[in-house]
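>>> sequence plus the predicted model coming up.
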Amino acid sequence: MGRKTICYRGSLKSCNYHCSYCPFSRHRASAAELERDRQQFVRFCDSMEKKAAESDIGAVFIVPYGEASIHRWYWEGLGRLAGLPGIDRVGMQTNLSFSVEACLNIFEFHCGGNDVGEMPGARKGKGRPQKKLCIWATFHPEMTDVDTFSDNCHKLTENGVNLCVGAVGVPQNLSLLGRLREKLPLDVYLWINKMDGLRRNYTEEERAAFSVIDPFFEVELNPPAADAAMCADRCFVEADGRVHTCNISKAKTVNWYTGNAEEIFRPLCGRKRCSCYLAYGGRADFEGRRHFGEYPIFRIPSGHI
């Protein structure tokens, strides 16, 4: 068995982007809702100070509904988690609309003194804490352009942050995604998620074109049959402590805050297929492990794909 990976999703359900297809763009969070989300995440980070060592947890991935990166407490929490002994990777899904310089300063300051300079001012430990940070950045062409998005990607990689980039596989965006690939650093993996609202199968030409951009696109189109036995080294935690094996599996009766490690990590599925990357990318038998290393859920290549 390998080291364990935790995915966390808070109660946040709002976003600063307004993509036409997304329900979270239509909800404006109140101050009370944001404060509840902050308190829930602080509680989770507090719990990790004990559970990380007890359960041999090596990675924590924030997978929010909406956009978490624009809220300071997520960067503070990621810094705290990165500073815990034994934690190898921390990360967050984001639309990349945050201020890179300001947020990395917050992250580094809360890493617990891992060669980090005092805020504000220059980052004396530049490049050190960021080696644990993994950013999963999604390109939203309705809200940003290739140049702006790719510039932020370069800022992150130049600061030593691990990065993957992705987009929905809209056939009409093929040329746009090709330009994005050209603009990104060569060692940044560009993944493509299947378009759920396509209402038809991809043509052979489209499948081939997307596979040139993303060598794992065929896996996205043909996800594996569910197998709970492949999922003993991970769990998905909700804001109130409810626990799942992954983001689409059944909820367990155990709670993160009151259960023991054996109960929390006992696999429970209830699905026929692992129908999204957060499901199949965390499996022990995922073929991408030879490319993405010990924590493939972040989609950060350990070598060239």
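Sure thing, it's come through.
>>> helices of this protein, start to end?
In the chain, the segments counted as helices under DSSP state H are 31-54, 72-82, 100-109, 146-158, 174-183, 204-213, 217-221, 261-264, 277-280, 289-292.
>>> Throw these into TSV and include mean neighbour count, mean pLDDT and distance to Gly270, thanks.
Where you see a C-beta, it was placed from the backbone N, CA and C, and this is true even at glycine. Converted to TSV, the helices of the chain look like this (neighbours: other Cβ atoms under 10 Å; pLDDT from 0 to 100; distance: least, Cβ to Cβ, whole Å):
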stretch	mean neighbour count	mean pLDDT	distance to Gly270
helix 31-54	16	96	24
helix 72-82	23	98	29
helix 100-109	20	96	36
helix 146-158	17	97	37
helix 174-183	16	97	34
helix 204-213	14	97	30
helix 217-221	17	95	22
helix 261-264	14	96	17
helix 277-280	23	96	12
helix 289-292	17	92	24
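>>> quick check: Gln40 vs Arg242, distance?
12 Å (Cβ to Cβ, to the nearest Å).
>>> can you check Leu104 too?
Counting by Cβ to Cβ, the separation of Leu104 from Arg242 is 32 Å.
>>> now Thr148
For Thr148, the distance to Arg242 equals 37 Å [Cβ to Cβ].
>>> follow-up on the earlier one: how about CSV for the helices of the chain, with distance to Ile6 added?
Shown next, in CSV, are the helices of the chain (distance: least, Cβ to Cβ, whole Å):
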stretch, distance to Ile6
helix 31-54, 8
helix 72-82, 9
helix 100-109, 18
helix 146-158, 23
helix 174-183, 30
helix 204-213, 30
helix 217-221, 23
helix 261-264, 9
helix 277-280, 12
helix 289-292, 17
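>>> can you tell which of these is closest to Phe61?
Closest to Phe61 of these, according to Cβ to Cβ: helix 277-280, at 8.5 Å.
>>> what's the closest one in contact with?
The contact list for helix 277-280, computed with Cβ atoms under 8 Å, 6 or more residues apart in numbering, reads 7, 63, 191, 193, 219-220, 223-224, 226, 236, 246-249, 271, 274, 286, 297, 299.
>>> cutoff 6 Å now
223-224, 246-248, 274 (Cβ atoms under 6 Å, 6 or more residues apart in numbering).
>>> just stretch 252-266 next, same as before
55, 235, 237, 241, 243, 268.
>>> could you export it as PDB, CA atoms only?
Presented in PDB, the C-alpha positions along stretch 252-266 are these (Å, rounded to 0.1, in the frame of the first residue of the first chain):
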ATOM      1  CA  LYS A 252     -19.700   6.200   4.400                       C
ATOM      2  CA  THR A 253     -21.300   6.100   7.800                       C
ATOM      3  CA  VAL A 254     -18.000   7.200   9.400                       C
ATOM      4  CA  ASN A 255     -17.100  10.900   9.900                       C
ATOM      5  CA  TRP A 256     -13.600  12.300   9.300                       C
ATOM      6  CA  TYR A 257     -13.600  14.000  12.700                       C
ATOM      7  CA  THR A 258     -14.700  11.000  14.800                       C
ATOM      8  CA  GLY A 259     -13.700   7.900  12.900                       C
ATOM      9  CA  ASN A 260     -10.400   6.000  13.000                       C
ATOM     10  CA  ALA A 261      -8.100   5.400  10.000                       C
ATOM     11  CA  GLU A 262      -9.400   1.800   9.400                       C
ATOM     12  CA  GLU A 263     -13.000   3.000   9.100                       C
ATOM     13  CA  ILE A 264     -12.100   6.100   7.100                       C
ATOM     14  CA  PHE A 265     -10.000   4.400   4.400                       C
ATOM     15  CA  ARG A 266     -12.100   1.200   4.100                       C
END
